[in-house]
Structure formats: structure tokens, C-alpha cells
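Undergrad: here are the coordinates; sequence isn't available:
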């Protein structure tokens, strides 16, 4: 099955980022294709490389970067939501892209499922 | 003809679910921004208002005191974007002492069961 993910919450404050990541990992392990993770609302904060958590904690941005590198999952941040929150190409992780809501529409149309994480 | 058929088959039913009060969080406002963009893609869009989401449509909102731009009027513009399927949950309105007359746009008031049935028909559901 082809799956798109929509993540609407920022990292650490909310577990949605962790759950979305675990879901993506599990889906890939089961042989599904995770096409893209689209970040909206505070979700765009997931892809700043300025993130620097303590060493014994997970690096949420780094994890998305790794998922993109190893499994070709597109990690996309909404441009309007990013601009509000100071996320720009200057701070973007490797594998991340800033794009428009039209891309989310395409993701919703072309995949078998769009799975949303957030409040 | 074949290409037209393909296009018709390619139209997805996408439902947006508004569940939060218009202010207090950004979910409803950014949700509305998403709907306005998606409206340009000629999909079968609908918007359903449940829980505190029904407050987003309440007439007479005045946001001057919180220093945040109001956007109730933008819901009135959805019609112009061909987003005409607006639904509100009957019990959510009732619990909040609201009727259709209190809302800035015409909505179809439905029971939770009817909304649930509509949800099962969707290809995509996005909650805000």
C-alpha cells in the first residue's frame, strides 16, 4: 500500500512526531511504501537542523533526515506554516524540502491512504 | 472521452474536519488556509464542523481584544471557491446553545451518525 503521512505537531512537546515516525518505520518494515511526510502547523519545526537535544534523547529532526536518506521518503514542510515559524532553507535538515499545500493535495490524491498525526 | 473518464475517476472525496474553537489554537485558521488551496485542485471537498469547531462559524465574532485577525468571513467565501458541502453536527450546536441562524454560512445540520456515514465514503479525511 502507498501511504502519505500528515504530521501537525511540533517535536518533543507532543508525541505525534514520535508516533508518526514509528508508524512510518513499521509500515516500511511491513513492505508498504511511505511516499512522503508532509509537515503542517507546528509540525514544520520537525525539520530544523538547529535542533540540539541532550545526547541521551532522540534527535527528531535527525531521525526524519535518516528516514529520507535510507528509504527515499520525502520530508516536506508547508511553506506558509514554515514562514510563520522561522523555518527556511537556511535551517532545513538534509532531505527536507519546503513546498506548498498543493503538494499535500497531490500526496492525498496519489496515495492509497493519508494518515494524519496530531491533536 | 477516455481521458474525461480518467479525470472523473481521479477526483477524490476529501473531508476536512474542524474540531477546535476559532481562536486559542491555530488549527482552524491553518485548516481554512489548507481548504482554500485544495479548492483549486477540483477535488470533491467537504468541511464538517464538530465540537467546538462549530464556533468558527458563529456570527458576530470580534477579535479586536485579542489582537488576532478574525476569519469567520473567510468561511463565507468558500462558496466562491466551489466548496459548497458544509456540514455541522447537530448535537455540537445544541450543546453550545447555537442554531443555524447563529452561523455566518448555510450549513447542512446532520446527526453524528449521518456524519459518520459520510466519513466512511471519503477517500481522505483531514482533521484540524
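TA: Cool, the structure landed. Quantities reported herein were computed from a predicted structural model and do not represent experimental measurements.

Undergrad: ok, whatever residue of chain A ends up closest to chain B - contacts?
TA: Relative to chain B, the nearest point of chain A is residue A:101 (3.9 Å; CB to the nearest CB). The C-beta positions use only the backbone N, C-alpha and C, and glycine is treated the same way. Contacts for residue A:101 were tallied using CB atoms under 8 Å, 6 or more residues apart in numbering or on different chains; they are A:78, A:80, B:33-34, B:37-38.

Undergrad: What is the neighbour count of the closest residue to it other than its chain neighbours?
TA: Nearest in space to residue A:101, with sequence neighbours left out and distances taken as CB to CB, 6 or more residues apart in numbering or on different chains, is residue B:37 at 3.9 Å. The tally of other residues near residue B:37 (other CB atoms under 10 Å in any protein chain shown) stands at 17.

Undergrad: mind listing what's buried in stretch A:26-40?
TA: Along stretch A:26-40, the positions that meet the burial threshold by neighbour count (16 or more other CB atoms under 10 Å in any protein chain shown) are A:27-28, A:34-40.

Undergrad: In helices, which of those residues appear?
TA: Mapping those onto helices (DSSP state H) picks out A:27-28.

Undergrad: Please identify which pair of the buried residues of stretch A:26-40 lies farthest apart.
TA: Spatially, the most separated pair among the buried residues of stretch A:26-40 is A:28 and A:40, at 21.8 Å (CB to CB).

Undergrad: what's the closest of the contacts of residue A:101 to residue A:69?
TA: residue A:78 (21.7 Å).

Undergrad: Give me the secondary structure label for residue B:86.
TA: Three-state assignment for residue B:86 (DSSP: H, G, I helix; E, B strand; the rest coil): strand.

Undergrad: can I assume it is in contact with residue B:76?
TA: No: assessed by CB atoms under 8 Å, residue B:86 is found out of contact with residue B:76, at 10.5 Å.

Undergrad: list the residues that contact both of these two?
TA: Here residue B:86 and residue B:76 have residue B:105 as joint contacts, going by CB under 8 Å, 6+ apart.

Undergrad: Tell me which of those two has more neighbours.
TA: Higher neighbour count among residue B:86 and residue B:76: residue B:86, with 21 against 12, using other CB under 10 Å.

Undergrad: Tell me how far the more buried one lies from chain A.
TA: Note on residue B:86: its distance to chain A, by CB to the nearest CB, to the nearest Å, is 19 Å.

Undergrad: That residue: what's it in contact with?
TA: Residue B:86 is in contact with B:46-49, B:75, B:78, B:105-108, counting by CB under 8 Å, 6+ apart.

Undergrad: try 7 Å
TA: Contact analysis of residue B:86 by CB atoms under 7 Å, 6 or more residues apart in numbering or on different chains lists B:47, B:105, B:107-108.

Undergrad: Kindly indicate which of the residues you listed lies nearest chain A.
TA: Nearest member of the contacts of residue B:86 to chain A, counting by CB to the nearest CB, is residue B:47, at 14.9 Å.

Undergrad: which one is that closest one nearest to, not counting chain neighbours?
TA: Once flanking residues are discounted, residue B:47 sits nearest to residue B:16: 4.7 Å by CB to CB, 6+ apart.

Undergrad: Which residues does the one you found form beta bridges with?
TA: residue B:47, residue B:126 (DSSP bridges).

Undergrad: got the residues of chain A near chain B?
TA: Neighbours of chain B within chain A, by CB under 7 Å from any CB of the partner chain: A:6, A:40-41, A:80-81, A:101-102, A:105, A:108-109, A:114, A:116.

Undergrad: Now flag whichever of the residues you listed is closest to residue B:12.
TA: Residue B:12 has its nearest neighbour among the residues of chain A next to chain B in residue A:109, at 5.3 Å by CB to CB.

Undergrad: Perfect, that will be all.
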